[in-house]
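Student: One predicted model, sequence on top.
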Amino acid sequence: MNEWKALHNRYKKQDWKDRPSLFAQTALPHFKKQGTILELGAGLGQDGRYFAEHGLDVITTDLEIENIITMRETLPAEIQQHFCAQHIDLREPLPFGDASLEGVYAHLSLHYFDKATTKQIFDEIYRVLQPGGIFAFFVNSTSDPQYNTGKKLEDDYFYIDDKPKRFFTVESAKAFARRFTPILLDNEGETYKDQAKGVHNLIRFIGKK
């Protein structure tokens, strides 16, 4: 069992596993009411399901998609037709055409990479978004209790427990997303999981191409 399967199995035991994230609820009004949203690093897929339930076509992706496929099979047929799962490794180019998507969404999935790979991912997201398309992402912040722990790999990037993690500031998030026009950018993000730890300052970004 790799670390992602182990992580997903831990998530399945949480009481919030079937609820859309707080950030998904913030992001939804900014997406077009119709169109295709690419969700990157979807975990258990509850945010993608939430978007599909609101009429969006969702391509929900992760390195491990078995849990997403199983969840999709429990959905009503009218929701299933708006919701598909696809295996994607974010270290590789995205398998979508230029300007082919109305939105890209990433909840706690873009902070596992070195600086060069992170820049490449942001460039790929820009490439696949249509002009006027919305990019919404949510990442760890340097205010996290884990910041500056473990083995330092590069600035704001550490190997902690079993995986690397990058920590963002408002300024570094803006720099990585420099090709997008910000609609929302702050360090006031919350998750159900982190509320219990007293962490209330994750980085939120919603921007337009």
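Tutor: Yes, it's here. Please read these numbers as outputs of a predicted model, since none were measured by experiment.
Student: can you map out the helices along this structure?
Tutor: In order along the chain, the chain carries the following helices (DSSP state H): 3-11, 22-27, 46-53, 66-72, 77-80, 115-128, 170-176, 192-195.
Student: Tell me who's in contact with the residue nearest the centre of the chain.
Tutor: Centre of the chain computed as the mean C-alpha position; nearest residue by CA atoms, centre = their mean is residue 106, 1.8 Å away. Residue 106 sits next to 39-41, 136-138 when contact means CB atoms under 8 Å, 6 or more residues apart in numbering. The C-beta positions use only the backbone N, C-alpha and C, and glycine is treated the same way.
Student: hang on, the earlier thing: so which of the helices of the chain gets nearest residue 186?
Tutor: Each of the helices of the chain was checked against residue 186 via CB to CB, and the shortest separation belongs to helix 170-176, namely 6.6 Å.
Student: Just give me the longest strand of the chain.
Tutor: Taking residue count as the measure and DSSP state E as the definition, the longest strand of the chain comes out as strand 129-139.
Student: Partner strands of it and their direction?
Tutor: Based on DSSP bridges, the pairing partners of strand 129-139 within the sheet are strand 101-107 (parallel), strand 202-208 (antiparallel).
Student: Could you tell me how far the first one lies from the centre of the chain?
Tutor: Between the centre of strand 101-107 and the centre of its chain there are 8 Å (CA atoms, centre = their mean, to the nearest Å).
Student: tell me the mean pLDDT for it?
Tutor: For strand 101-107, the mean per-residue pLDDT is 98.
Student: any low-confidence regions in this structure?
Tutor: Within the chain, the stretches with pLDDT under 70 are 1-17, 194-199.
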